[in-house]
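1. sharing a sequence plus its predicted fold:
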Amino acid sequence: MRLRFAPSPTGQLHVGNARTALFNWLLARGNGGTFILRIEDTDFERSTAQSASTILDDLRWMGLTWDEGVEVGGDCGPYRQSERLHIYRAHIVELMAGGHAYHCFCSEAQLAQDREAALAAGQPPKYVGRCRGISKQDARRRIDNGDAAVVRFRVPDHREIVFHDIVRGEVRFSTDVIGDPVLVRSDGIPAYNYAVVVDDALMGITHVIRGEDHISNTPRQLLLYEAFGWKPPQFAHVSLVMGPDHSPLSKRHGATSVAEFRARGYLPEALVNYMALLGWSPGQGEELLPLDELARRFRLEDVGHAAGIFDVDKLAWVNRHYLKMAEPQRLTTVTIPYLQASQWVAEPDAAGLAFLETIVPAAAAAVDRLELVPPRLAFLFDYSAAGALANDAVKAEALAARPVIEALADELEATPPMVDRDAFRAMAMRVRERCGQKGKALFHPIRLALTGEPEGLELDLAVPAIERGALLGRLEGRPLRSHADFRQAGADSRSETDGQVGPEPHVEADGQVGPSGIRRILSAAERARAFRAALG
RNA sequence: GCCGGUAUCGUCUAGGGGUUAGGACGGGUGGUUCUCAGCCAUCAAACCGGGGUUCGAAUCCCCGUACCGGUACCA
């Protein structure tokens, strides 16, 4: 079983095409077949090397690696159509000799006129066949004379072309509605319908899975296989991907390319898993499956016939699942660019990385996609007591809870850094003793004072993160890797903070990136002090 | 216009001559947690329309409608 994905490098990899690539890959992988990647760049006007390389990157990112093709080689190369021109040229001779192809000298204006006339008469606008009867000698003479010519395929009249489409079943077309297709353009470059057939045949492709937009090309291609005496592959046409309004998925629906989803912070396994679900079902009500499991279960016969609407909400759900499953280290690595974009992180060193790994995964587990992580972590890097109190609701609540704020600030003056959840809980209990408040009346004001926000990560996580982050700036050159390290560091710093007012307390984050490659984070004590002061 | 394709909750789908037509996402409600998220429970929500065939049709057939694709010297 040999399958291929053959994109045209005329832009970014669209999710519809990515899904086609995925289906090809799944079938190949699930059956021990070969997956081939070919670049169809015969449209020199629109094709770019840049686009080709990003498409390759996107495929690799999704995990859809190929066994043969561009950049990996193989026995059937080259795998770029622009490098196969000599092959197409050699084969066109055979077609001409067999009378299956002929030169056509019709001008574009003439063709356009024919088309209009046919439409006006209610006829299918196919090529009228004006040049079909031109003798080879005459054609030769005109070409030598400098006349522009294309090569057309001679489609036989009154034939019915029937083929079995693996997803759609029997499909039939009458050749009477098919005009003689252009095989070679006047500039000598082969047209799509010709190049695919030559390539698929020579590369030994056994199954062609492609978008439904190609279904009407299939009879022409079948005729070409017949003319060459080649055995055609099996075809499977998968339906197209639509936007929520049932029109083809386009920019106005939001992200449409793999690169855009990647940039927004979707994990590749999530995008791939979701795409597999669009038009296909693994059955048994199971939906969240890894790539190899999808490959094991994938069957072309089970692919749906109807167009699928791309559901961003469901994608988000799948992504959330994988965001929760991902390794903390990997999650941190892929999230750092978003933190850098917020100017909170530069190039973190080992200590900075260790710190991020203790909090980024928790933030990532609470969002739909990685680009939403920074707002979730703003409490660490962008704390501002004055800014928080500028919000009327926050101010009102803080005012009403003044005893809690007072008790918190007092208590924190005498509390060493709370580097874990237990230390925070113990501190909260002491505040409770001081002010007599409990539950929501206790914790929500604490949240306001310490994070500056009315909502966010649970305090058990947020407060230790604040403390560890604040410690980061003070213990230069000392890598802290584990929770135990942080705990030890917290104990060590006790003597410096204990009972000391210290230098001028930072009331606002100063925006400086510290030695760990992370912007300086205010400690809980500094925050409580500033919050109380700002409250007046 | 012509040719081809498609049609089950809003969306992705399971099923397929006799079912309370199942699941998931999203939505509603209640519970849980300091909050958001999450989690748990629970509710609403579908066989495009019309004719056949049949004891019986969402399922098979025909017609219609809607939508999608094609109708290029783009792929």
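-> Perfect, thanks for sending it. It should be emphasised that the depicted structure is a prediction, and the values quoted were computed from it without experimental measurement.

2. and the stretch 251-400 of chain A, which residues reach RNA strand B?
-> Within the stretch 251-400 of chain A, the positions near RNA strand B by Cβ under 7 Å from any atom of the strand are A:277-281, A:283, A:285, A:287, A:302, A:304-309, A:311, A:313-314, A:316-317, A:320, A:366. Yep, even glycine has a C-beta here, placed from its N, CA and C like the rest.

3. next structured bit after the worst-scoring helix or strand of chain A on mean pLDDT?
-> Between all helices and strands in chain A, the lowest mean by mean pLDDT, DSSP states H and E belongs to helix A:494-497, at a mean of 38. Counting by DSSP states H and E, the next helix or strand C-terminal to helix A:494-497 is helix A:524-535.

4. can you get me a residue count around residue A:134?
-> Residue A:134 has 17 neighbours, counted by other Cβ atoms under 10 Å.

5. and the one 3 residues further on, by the same measure?
-> Residue crowding around residue A:137 was assessed by other Cβ under 10 Å; the count is 8.

6. could you say which helix or strand holds residue A:226?
-> helix A:218-228.

7. counting by contacts, list what the helix or strand following that helix packs against.
-> Using DSSP H and E, the next helix or strand after helix A:218-228 towards the C-terminus is strand A:234-238. Counting by 3 or more Cβ pairs under 8 Å, 6 or more residues apart in numbering; DSSP states H and E, the packing neighbours recorded for strand A:234-238 are helix A:15-30, strand A:160-165, strand A:207-211.

8. redo that, cut-off 6 Å
-> Strand A:234-238 makes packing contacts with strand A:207-211 when contacts are defined by 3 or more Cβ pairs under 6 Å, 6 or more residues apart in numbering; DSSP states H and E.

9. okay, the strand it packs on in CSV with CA atoms only?
-> Extracted in CSV, the C-alpha atoms of strand A:207-211 (Å, rounded to 0.1, in the frame of the first residue of the first chain):
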residue,chain,number,x,y,z
HIS,A,207,-4.6,4.7,-3.0
VAL,A,208,-5.3,8.3,-3.7
ILE,A,209,-7.1,10.0,-0.8
ARG,A,210,-7.9,13.6,-1.7
GLY,A,211,-10.4,16.3,-1.3
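
10. does RNA strand B sit close to it?
-> No - using Cβ under 7 Å from any atom of the strand, strand A:207-211 stays clear of RNA strand B, coming no nearer than 7.7 Å.

11. now the residue lying closest to residue A:402 once chain neighbours are set aside: how far from RNA strand B?
-> Among residues not flanking residue A:402 along the chain, residue A:535 sits closest, at 7.0 Å (Cβ to Cβ, 6 or more residues apart in numbering). For residue A:535, the distance to RNA strand B (Cβ to the nearest atom of the strand, to the nearest Å) stands at 18 Å.

12. what about residue A:535, distance to residue A:351?
-> From residue A:535 across to residue A:351, the span is 34 Å (Cβ to Cβ, to the nearest Å).

13. who has more neighbours out of these two?
-> residue A:351 (26 against 20).

14. can you tell me the SS state at that one?
-> Secondary structure, DSSP: H, G, I helix; E, B strand; the rest coil: residue A:351 is helix.

15. isn't it right next to residue A:517, touching?
-> No - if you go by Cβ atoms under 6 Å, residue A:351 and residue A:517 don't touch, sitting 8.7 Å apart.

16. can you tell me the element residue A:204 falls in?
-> Applying DSSP H and E, one finds residue A:204 in no helix or strand.

17. which residue, other than its chain neighbours, is closest to it?
-> Counting by Cβ to Cβ, 6+ apart, residue A:2 is the residue found nearest to residue A:204 once chain neighbours are left out, at 5.2 Å.

18. contacting residues for the one you found?
-> By Cβ atoms under 6 Å, 6 or more residues apart in numbering, the contact set of residue A:2 is A:34, A:204, A:205, A:206.

19. please name the bridge partners of residue A:235.
-> Residues in a beta bridge with residue A:235, per DSSP bridges, are residue A:165, residue A:208.

20. read off the pLDDT value for it.
-> pLDDT recorded at residue A:235 is 96.

21. what separates it from residue A:278, distance-wise?
-> Distance of residue A:235 to residue A:278, given as Cβ to Cβ: 20 Å.

22. got phi/psi on the residue lying farthest from the centre of chain A?
-> What lies farthest from the middle of chain A is residue A:137; by Cα atoms, centre = their mean that is 55.0 Å. Main-chain torsions, residue A:137, degrees, to the nearest 10: phi -70, psi -50.

23. tell me the contacts of it?
-> Taking Cβ under 6 Å, 6+ apart, we find residue A:137 in contact with no residue.

24. so how far is RNA strand B from it?
-> Look at residue A:137 and RNA strand B: by Cβ to the nearest atom of the strand, they are 21 Å apart.

25. count the neighbours of residue A:522 for me.
-> Using other Cβ under 10 Å, residue A:522 is surrounded by 27 other residues.

26. for it, report the pLDDT, please.
-> With respect to pLDDT, residue A:522 scores 94.

27. hang on, isn't it packed against residue A:383?
-> Yes - contact criterion Cβ under 6 Å: residue A:522 and residue A:383 qualify, at 5.4 Å.

28. what's in contact with stretch A:89-98?
-> Contacts of stretch A:89-98 (Cβ under 6 Å, 6+ apart): A:101, A:151, A:184, A:198.

29. can you tell me the closest non-neighbouring residue to the third one?
-> With sequence-adjacent residues excluded and distances taken as Cβ to Cβ, 6+ apart, residue A:184 is closest to residue A:151, at 4.1 Å.

30. what number of residues lie near the one you found?
-> Residues contacting residue A:151 under the criterion other Cβ under 10 Å number 23.

31. what comes up buried for stretch A:397-415?
-> A:397-398, A:401, A:404-412, A:415 (16 or more other Cβ atoms under 10 Å).

32. er, stretch A:57-72 I mean
-> A:58, A:59, A:61, A:62, A:64, A:66, A:68, A:69, A:70.

33. OK, contacts around the second one?
-> Counting by Cβ under 6 Å, 6+ apart, residue A:59 touches no other residue.

34. how far away is it from RNA strand B?
-> Applying Cβ to the nearest atom of the strand to residue A:59 and RNA strand B gives a distance of 16 Å.

35. and for residue A:185?
-> Relative to RNA strand B, and taking Cβ to the nearest atom of the strand, residue A:185 is found at 3 Å.

36. residue A:200 too?
-> 12 Å.

37. likewise residue A:434?
-> 17 Å.
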